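**Q** need a structure here:
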Amino acid sequence: MLESLKELITNYVEVDINDIKEDSRFIEDLGFNSYVFMSFLGEVEDIYDVEVDEQEVLKLITVADAIAYIQRLQSEE
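**A** Numbering: from 1, shown residues only. The predicted model follows:
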């Protein structure tokens, strides 16, 4: 999932795919702003067939947080 998420991230921010690590922070390290992040999450919902809770997204700080959250949502289905 990390590799597909890294590719998706590069569609939203200008960052080298090799610079994206699990501990990369969306805002501080990757350059997301809130609007871009919400657009990104909309595509995450479509690609991974999950529904993101707006309160939960506030807890998604790093790429690893997003991976864990997506996997948890997928396992709940």
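**Q** Hmm, residue 44 and residue 70 touching each other?
**A** Yes - using CB atoms under 8 Å, residue 70 is in contact with residue 44, at 6.6 Å. All C-beta spots, glycine's among them, are computed from the backbone N, C-alpha and C.
**Q** Need the residues touching each of those two.
**A** By CB atoms under 8 Å, 6 or more residues apart in numbering, residue 70 and residue 44 have these common neighbours: 5, 50.
**Q** can you pull the pLDDT of the residue nearest to residue 13 when sequence neighbours are not counted?
**A** Distances taken as CB to CB, 6 or more residues apart in numbering put residue 31 closest to residue 13, at 4.7 Å, once the chain neighbours are dropped. For residue 31, the model assigns a pLDDT of 97.
**Q** Tell me the secondary structure at residue 31.
**A** What DSSP: H, G, I helix; E, B strand; the rest coil gives for residue 31 is coil.
**Q** Tell me the backbone dihedrals of it, please.
**A** Phi and psi for residue 31, reported as degrees, to the nearest 10, are phi 90, psi 20.
**Q** what's it in contact with, if anything?
**A** Counting by CB under 8 Å, 6+ apart, the residues that residue 31 touches are 13-15.
**Q** Of those residues, keep whichever come out buried.
**A** The neighbour-count test (16 or more other CB atoms under 10 Å) marks 13, 15 as buried among the contacts of residue 31.
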